[in-house]
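Enquirer: Predicted coordinates and the sequence they were generated for:
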Amino acid sequence: MDLTTIKEMIRIIPDFPKAGISFKDITTVIKDGVALKYIIDEMAERCSDRKIDIIAGPEARSFIIGAPLAYRLGVGFVPIRKPGKLPAETIKREYQLEYGTDAMELHKDAIKPGQNVLIVDDLLATGGTIITAVKLVEELGGNVTGLMFLIELTELGGRRTLSDYDVVSLIQYPY
Ligand SMILES: O=P(O)(O)OC[C@H]1O[C@H](OP(=O)(O)OP(=O)(O)O)[C@H](O)[C@@H]1O
Ligand SMILES: Nc1ncnc2[nH]cnc12
């Protein structure tokens with residue numbers, strides 16, 4: 001298995017969920033056990049020189065990658081969720097998507113001040129989702145040590161939005 005093969009396994013759906021969006025569908029990767037193990041191991045490898053106390057990731061697709069990566073690194077995983085899903089006291093922020101607006105919440109006791117937090121997601125597009133996740137984590141006093149993605153859409157400016165942070169992506173699309 002290698003990253004070229006993983007890229008070939010990603011299914012591209014034109015005009016989903018609306019006209020002009022070239023949707024990168026990772027379900028075709030994660031249904032393959034060898035491919036899923038490979039991407040998690042590859043991410044773990046790229047974390048080896050970092051201090052990570054906990055991983056956080058935004059609903060929903062980051063959960064698929066973030067939880068096994070946390071297990072592999074022997075740390076915990078914290079979900080950042082769409083409004084109304086987390087049951088205890090939360091903090092909340094609104095953000096813009098490539099195709100709409102939304103909001104996310106984080107439990108107030110999810111991160112301890114000073115904890116080193118790796119934020120994970122399946123895909124970096126405009127960076128709107130992840131910068132919101134970063135702000136939520138930082139609001140609780142977390143130290144964001146890195147941002148890890150399976151896919152980066154390089155022409156949508158995510159890296160510019162996240163220029164203060166260490167961004168790692170396994171697969172890039174110039175589209
Ligand atoms: O960099 P951005 O422009 O913010 O876009 C990237 C985000 O968009 C997708 O999630 P989506 O909001 O579609 O939600 P889902 O994970 O619940 O499908 C993807 O999983 C990222 O979280
Ligand atoms: N083009 C895209 N494909 C899959 N997920 C996305 N999230 C934001 N943009 C996306």
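Expert: Good, I have the coordinates. Residues are numbered from 1 along each chain as shown. Ligands and ions are numbered 1, 2, ... in the order given.

Enquirer: Is Glu94 within a helix or a strand, and which one?
Expert: If you go by DSSP states H and E, Glu94 is part of strand 90-97.

Enquirer: and the angle for the following helix or strand past that strand with strand 90-97?
Expert: Per DSSP H and E, the first helix or strand lying C-terminal to strand 90-97 is strand 100-107. Put simply, strand 100-107 runs at 160 degrees to strand 90-97, going by axes from the mean of the first three to the mean of the last three CA atoms, to 10 degrees.

Enquirer: could I get strand 100-107 in PDB with only the CA atoms?
Expert: The C-alpha atoms that make up strand 100-107 are tabulated as PDB, following Å, rounded to 0.1, in the frame of the first residue of the first chain:
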ATOM      1  CA  GLY A 100     -22.700  26.600   3.600                       C
ATOM      2  CA  THR A 101     -22.500  27.700   7.200                       C
ATOM      3  CA  ASP A 102     -22.600  25.800  10.400                       C
ATOM      4  CA  ALA A 103     -21.600  25.800  14.100                       C
ATOM      5  CA  MET A 104     -19.700  23.500  16.400                       C
ATOM      6  CA  GLU A 105     -19.500  22.900  20.100                       C
ATOM      7  CA  LEU A 106     -16.900  21.500  22.500                       C
ATOM      8  CA  HIS A 107     -17.400  20.300  26.000                       C
END
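
Enquirer: coming back round to it: for the strand holding Glu94, what is the distance to the chain centroid?
Expert: Centroid displacement of strand 90-97 relative to its chain, using CA atoms, centre = their mean, to the nearest Å, is 15 Å.

Enquirer: who's in contact with that strand?
Expert: 83, 101-108, 125-126, 128-129, 131-132, 135-136, 139-140 (CB atoms under 8 Å, 6 or more residues apart in numbering). For the C-beta atoms, the positions are set from N, CA and C on the backbone; glycine is no exception.

Enquirer: List the backbone torsions phi and psi for Lys85.
Expert: phi -100, psi -30 (degrees, to the nearest 10).

Enquirer: Brilliant, that's me finished.
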